[in-house]
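> all I have is the shape, not the residue letters:
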C-alpha cells in the first residue's frame with residue numbers, strides 16, 4: 001500500500017512550518033535514512049529522513065510552500081510495482097488533528113506511540129486518545145474529562161500553587177516563554193514572577209537554590225528542560241536533597257519536586273535521550289515517579305508536591321500531547337508507590353511504566369487476538385515500588401515480562417526480575433524476560449534510533465516465549 005509521508009513536528013509545540021526544499025524527486029528510489037526534504041520554522045531548519053523504503057511516487061506539497069500544518073501529507077511513498085496514478089490527493093490536516101511526531105509515516109523522527117502493531121499499519125496518529133482501565137482510587141460514577149498529559153501536569157501545578165503559597169516553580173524558560181514544552185503556560189500570568197521564576201542556563205545553580213529553599217520551608221518545583229541536563233545538578237539532587245533528612249536525624253528535609261521530560265524523544269541523539277529511572281531509583285531518600293496517563297500525571301504530581309521528600313518526576317516529551325480521561329474532582333490525588341492494574345489477565349504478567357506502556361498496550365491487544373490473555377500492570381512509581389502487586393500477579397499467571405526504554409544493564413526490569421525470582425520462584429513457569437532499549441548510545445539517524453528502541457514485535461515475541469508459544 002502507498003505510505004503517506006506527513007509534515008513532521010520539530011517540537012511538541014510546533015503547529016506549522018515551511019517545506020523549504022525537496023532533496024528527492026518524484027520517481028527517485030528512497031532508502032531508510034535518506035534525506036528527502038528540508039523543513040523550517042522561525043527557530044530551526046531540519047532534514048526530513050525517510051523511515052521506510054520505496055519510490056517517491058508523488059510530491060503533494062511543493063517546495064517553498066509556507067504554513068504547512070503538522071500532520072499534512074506532503075508526499076506518498078510507493079512500494080515496488082505500485083503506480084502513482086492510483087494515489088488520491090489527501091485532505092490537509094484538520095485543525096483538531098494532534099501534531100504527529102515526524103516518525104509517524106516516513107518522517108524524520110520517531111514517536112513511541114506510532115510503533116506499528118503489524119506490518120499492515122501505514123499511519124498512526126502520534127497523539128491518540130487512549131482508554132485506560134478503571135482505577136480503584138477514582139470513585140465509581142466520577143465524571144471524566146479528556147485532557148492531554150501536558151494539560152494535566154499544568155492543572156496539577158496550578159491547583160497546588162493556589163492551595164499553598166509556599167509552592168513555586170523555577171527553571172529555564174518556565175515563565176516568559178511559557179515553558180519549553182508549554183507545561184507552565186499561563187502560570188506566570190496567574191501567580192507572578194516571584195512564584196514562576198525564569199533561571200539562567202545553570203542547572204547546578206538553580207537546583208541548589210531550590211534545595212536551599214526547600215530546606216528553609218518552601219516547596220519548590222524544579223523544571224529541567226530535559227533530565228539529561230539534570231546531570232549538571234546531580235550533586236545537589238543526590239548529596240543535598242536526597243540525604244539531608246537522614247543525615248540531620250529528621251531535623252531538616254527537602255520537600256521538593258524535580259520534573260521534566262526524560263528518555264528518548266525524536267532525533268535528539270545520545271546526550272538528550274537517556275532514561276534516568278534506574279539511576280534515580282538507586283538512591284535512598286528519593287521517590288521516583290514515571291507516569292503514563294494524564295490522570296496519573298495529575299494525581300501523582302499533586303502527591304509529589306505535597307510529599308515531605310524530594311521526588312523525581314519523570315515525564316516524556318512524546319506523551320505530552322496524548323489525551324486520556326481524567327476524573328473531574330475537586331482534589332484528585334493518587335498514592336505514591338501504588339501500581340495500577342491496566343488490564344486483568346491469566347496467561348502472563350506484563351509490567352511497564354511511562355512511555356514503555358505504549359509498547360505494552362499495543363502488544364497486549366495483539367496478543368489477545370492470538371488467544372493470549374496478558375495481565376498488564378502500570379507501575380507508575382519506580383521508588384517506592386509496588387512489588388507486592390507484581391508478585392501477586394505472577395503467582396496467578398506464572399510468567400513475567402517487563403518493558404522499558406532504558407538501557408538493559410542494571411535496569412528497572414532487572415531489579416523486578418531479581419526480586420520476583422527470589423520471592424516467587426516456585427510460582428514461575430518460565431524465566432522472566434526483560435525488554436529494554438539496546439545497549440548503545442542513542443543514534444541521531446531516524447532509522448537507527450528506531451532500531452535502538454524497543455518495539456511492539458519484541459514485546460509480543462517475549463510473551464510468546466514465556467508462554468512457550
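Perfect, I can see it now. Everything quoted here is computed from the prediction, not taken from an experiment.

> which secondary structure element of the protein has the lowest mean pLDDT?
Ranked by mean pLDDT, DSSP states H and E, the weakest helix or strand in the chain is strand 129-130, scoring a mean of 51.

> moving C-terminal from that strand, which element do we reach first?
strand 144-148 (DSSP states H and E).

> got the buried residues for that following strand?
Using 16 or more other Cβ atoms under 10 Å as the test for burial, strand 144-148 gives 147, 148. In short, each C-beta sits where N, CA and C put it, glycine included.

> list the contacts for the residue nearest the centre of the chain?
Most central residue of the chain, judged by C-alpha distance to the mean C-alpha position with Cα atoms, centre = their mean, is residue 316 at 3.0 Å. Residues in contact with residue 316 (Cβ atoms under 8 Å, 6 or more residues apart in numbering) are 112, 261, 262, 263, 265, 354, 355.

> so how far is residue 260 from it?
As defined by Cβ to Cβ, to the nearest Å, residue 316 lies at a distance of 10 Å from residue 260.

> residue 207 too?
11 Å.

> what sits in contact with each of those two?
Residues touching both residue 207 and residue 260 (Cβ under 8 Å, 6+ apart): residue 230.

> let's test this: mean pLDDT of stretch 410-422, rounded?
For stretch 410-422, mean pLDDT rounds to 97.

> ditto for stretch 318-328
92.

> measure how far that stretch is from the centre of its chain, please.
Here the centre of stretch 318-328 is set off from its chain's centre by 11 Å, with Cα atoms, centre = their mean, to the nearest Å.

> picking that back up, can you tell me the closest non-neighbouring residue to the residue nearest to the centre of the chain?
In space, residue 316 comes closest to residue 355 once its chain neighbours are excluded; the distance is 4.4 Å by Cβ to Cβ, 6 or more residues apart in numbering.

> ok, the one you found touching residue 405?
Yes: with contact defined as Cβ atoms under 8 Å, residue 355 and residue 405 form a contacting pair (5.7 Å).

> phi, psi for residue 155 please.
Dihedral angles of residue 155 (phi, psi; degrees, to the nearest 10) stand at phi -60, psi -40.

> please, which helix or strand holds the closest residue to it other than its chain neighbours?
The shortest distance from residue 155 to any non-neighbouring residue, by Cβ to Cβ, 6+ apart, is to residue 298 (5.9 Å). In the assignment (DSSP H and E), residue 298 maps to helix 294-306.

> what do you get for residue 207?
helix 203-215.

> average pLDDT across that helix?
97.

> what's that helix packed up against?
strand 167-171, strand 219-223 (3 or more Cβ pairs under 8 Å, 6 or more residues apart in numbering; DSSP states H and E).

> make it 10 Å
Helices and strands touching helix 203-215, by 3 or more Cβ pairs under 10 Å, 6 or more residues apart in numbering; DSSP states H and E, are strand 167-171, strand 196-198, strand 219-223, helix 234-235, helix 244-247, strand 257-261.

> tell me which residues in that helix are buried?
203, 206, 207, 208, 209, 210, 211, 213, 214, 215.

> residue contacts, the third one?
When the contact criterion is Cβ atoms under 10 Å, 6 or more residues apart in numbering, the partners of residue 207 are 170-171, 199, 220, 222, 224, 229-230, 232-237, 240-241, 256, 258.

> now these: which count as buried?
Among the contacts of residue 207, the ones that count as buried by 16+ other Cβ under 10 Å are 170-171, 199, 220, 222, 224, 229-230, 233, 236-237, 240-241, 256, 258.

> contacting residues for the residue nearest to residue 316?
So residue 355 contacts 111-113, 262-265, 275, 290, 292, 314-319, 322, 403-405, 453-454 (Cβ under 10 Å, 6+ apart).

> and for residue 78, the neighbour number?
Around residue 78 there are 20 other residues, counting by other Cβ atoms under 10 Å.

> that one contacts residue 3, correct?
Yes: between residue 78 and residue 3 there is a contact under Cβ atoms under 10 Å: 7.9 Å.

> what sits in contact with each of these two?
Joint contacts of residue 78 and residue 3 (Cβ under 10 Å, 6+ apart) are 54, 57.

> what is the helix or strand hosting residue 4 packed up against?
Following DSSP H and E, one finds residue 4 within strand 3-6. If you count contacts as 3+ Cβ pairs under 10 Å, 6+ apart, strand 3-6 packs onto strand 54-59, strand 73-78.

> hey, which of these is tucked in deepest?
Among the helices and strands packed on strand 3-6, ranked by average contacts under mean count of other Cβ atoms under 10 Å, first place goes to strand 73-78 (a mean of 24).

> what's the angle between that strand and strand 54-59?
Here strand 73-78 runs at an angle of 140 degrees relative to strand 54-59 (axes from the mean of the first three to the mean of the last three Cα atoms, to 10 degrees).

> report the rounded mean pLDDT for strand 73-78.
The model assigns strand 73-78 a mean pLDDT of 90.

> what stretches of the protein score poorly on pLDDT?
Along the chain, segments meeting pLDDT under 70 span 10-13, 43, 84-134, 136.

> now with 50, please.
Filtered on pLDDT under 50, the chain yields the residue ranges 90-128.

> can you show me the helices along it?
Listed in chain order, the helices of the chain (DSSP state H) span 149-163, 187-191, 203-215, 234-235, 244-247, 277-281, 294-306, 356-369, 387-397, 412-423, 446-452, 456-466.

> CSV for those, including distance to residue 14?
Below are the helices of the chain laid out as CSV (distance: least, Cβ to Cβ, whole Å):
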stretch, distance to residue 14
helix 149-163, 14
helix 187-191, 21
helix 203-215, 25
helix 234-235, 31
helix 244-247, 41
helix 277-281, 27
helix 294-306, 21
helix 356-369, 21
helix 387-397, 39
helix 412-423, 32
helix 446-452, 17
helix 456-466, 26
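
> these: which one's closest to residue 56?
With Cβ to Cβ, the closest approach to residue 56 among these belongs to helix 446-452: 16.4 Å.

> tell me which residues of the closest one come out buried.
For helix 446-452, using 16+ other Cβ under 10 Å, the buried residues are 446, 447, 449, 450, 452.

> closest to residue 183 out of the residues you listed?
Among those, and counting by Cβ to Cβ, the member closest to residue 183 is residue 449, at 24.0 Å.

> could you report the separation of residue 181 from residue 148?
Distance from residue 181 to residue 148, by Cβ to Cβ: 11 Å.

> for residue 25, that is, sorry about that
Taking Cβ to Cβ, one finds residue 25 at 38 Å from residue 148.

> dump the residue contacts of the spatially closest residue to residue 357 that is not a sequence neighbour.
Excluding the flanking residues, the one nearest residue 357 by Cβ to Cβ, 6+ apart is residue 292, at 4.1 Å. With contacts defined as Cβ under 10 Å, 6+ apart, residue 292 is in contact with 130, 132, 149, 316, 319, 322, 324, 340, 342, 352-358, 360-361, 378-380.
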